[in-house]
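> no sequence on this one, just coordinates:
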């Protein structure tokens, strides 16, 4: 638990530099240590869509740490299952940043992993994330179809190989996310809350907040994110679970907040809640250990089509090898009488099946 530095504006680069300077972030880099920047690059989507971390957050970090003598700086990330990390980094504008500053980008899908002991057992984590002198967590504050919100703790899931991401979903997401956060405990987090989509992890319905904030306790920052989204922390179980596992503290008081400026005229600083649309349109879907990319494809297709999920629609690893009378989404449900194949299927393919 510590101070939360908050700033309002529209320039991700300038806001990031201001936050790092105000918090004296260079003190967190060990002598001669490296800095690894871990953005949210879940899909090949633009930051303006509300899905991915703005490239200005990366450039702001690079300029700040370079100005303070750090030479070993890299960007590390692995997009979600089914997407191509290198394509995603180009779409998000990261290639231009990395080229401009001569900073390397590492696709964690191709990284070597190590097994570590966590609060819930062994877990495979990518070596570049484990070996960084300072891992800088750069999440987007946004909604999520399965966990309601995603921010600092869940962003660490990008530090896993795809097979471990699938296992997280089979375990129910919340406990493994909490255990991962408690093990890694990133010492610097810069949250991009400029225009995150408050309903869909993959973006599409951005909400203008023009806010960023920084801290050193991922649990505290996620608890604060719940406040900003008007959510009860109990609705996002992995946050309190991570506290129980020793990953940080959920308490956020007014004394913890350091405001660097104030919202521009006409921009409200009051919480903006998710609409709850994902929960409503998928309330009858029979989901069992569904991976995020697969679930998101279904949710997006239901949202676009206006078709309501029925009790004969199935998704998730829990249906693998079972005979199902109804529509199955993804290869795990190939035993269904109708199935949209893919791992994951595209939202377009699901939409075509729903509307045929």
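Good, I have the coordinates. Keep in mind the model is a prediction, meaning the values are calculated, not measured.

> could you say what helices and strands whatever helix or strand residue 5 lives in packs with?
Using DSSP states H and E, residue 5 falls within strand 4-8. Judged by 3 or more CB pairs under 8 Å, 6 or more residues apart in numbering; DSSP states H and E, strand 4-8 is in contact with helix 12-23, strand 211-215, helix 218-228, strand 257-259. For glycine as for every other residue, the C-beta is placed from the backbone atoms N, C-alpha and C.

> In JSON lines, list these along with mean neighbour count.
Listed next are the helices and strands packed on strand 4-8 as JSON lines, based on neighbours: other CB atoms under 10 Å:
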{"stretch": "helix 12-23", "mean neighbour count": "21"}
{"stretch": "strand 211-215", "mean neighbour count": "25"}
{"stretch": "helix 218-228", "mean neighbour count": "25"}
{"stretch": "strand 257-259", "mean neighbour count": "14"}
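
> Now the terminal residues of stretch 76-89, how far apart.
From its first residue to its last, stretch 76-89 covers 10 Å (CA to CA, to the nearest Å).

> swap that for stretch 253-263, please
20 Å.

> try stretch 196-212
Across stretch 196-212, first to last residue, CA to CA, it's 11 Å.

> buried set for it?
If you call a residue buried by 16 or more other CB atoms under 10 Å, then stretch 196-212 has these buried ones: 196-207, 209-212.

> Distance of residue 42 relative to residue 142?
9 Å (CB to CB, to the nearest Å).

> With residue 60 instead?
20 Å.

> For the most centrally placed residue in the chain, give me the pLDDT.
Centrality entry for the chain: nearest residue to the mean C-alpha point is residue 155, 3.7 Å, by CA atoms, centre = their mean. Residue 155 carries a pLDDT value of 96.

> Where does the record place the domain boundaries for the protein?
Following automatic domain parsing, the chain resolves into domains at 4-259, 277-355.

> ranking those by mean pLDDT, which is last?
Among these, domain 277-355 scores lowest, at a mean of 83.

> Which residue is the nearest non-sequential neighbour of residue 25?
In this structure, residue 25 finds its nearest non-sequential neighbour in residue 188, 5.8 Å apart by CB to CB, 6 or more residues apart in numbering.

> quick one on the thing from earlier: tell me which of residue 60 and residue 142 has more neighbours.
residue 142 (31 against 25; other CB atoms under 10 Å).

> Residue 326: neighbouring residues, count only.
Counted with other CB under 10 Å, residue 326 comes out at 15.

> Contacts for stretch 24-32, please.
With contacts defined as CB atoms under 8 Å, 6 or more residues apart in numbering, stretch 24-32 is touched by 19-20, 35, 64-65, 68, 70, 133-134, 187-188, 214, 216.

> try 10 Å this time
With CB atoms under 10 Å, 6 or more residues apart in numbering as the test, stretch 24-32 has contacts from 5, 19-20, 35, 61, 64-65, 67-72, 132-134, 136, 186-188, 190, 214, 216.

> Of the residues you listed, which belong to strands?
5, 35, 134, 136, 188, 190, 214 (DSSP state E).

> Let me see the contact set for the last one.
So the one you mean is residue 214. Here residue 214 is in contact with 3-7, 15-16, 18-20, 22-23, 25, 136, 188-191, 221, 258, 260 (CB under 10 Å, 6+ apart).

> can you map out the helices along this protein?
12-23, 55-67, 85-91, 94-101, 127-131, 152-155, 162-170, 174-184, 218-228, 237-244, 277-281, 292-305, 347-355 (DSSP state H).

> Which stretch among these is buried most, on average?
Mean neighbours per residue, mean count of other CB atoms under 10 Å, is largest over the helices of the chain for helix 152-155, with a mean of 29.

> Number of residues surrounding residue 24?
Residue 24: 9 neighbours (other CB under 10 Å).

> give the contact list for residue 273.
143, 198, 199, 207, 228, 229, 230, 231.

> Thanks a lot, catch you later.
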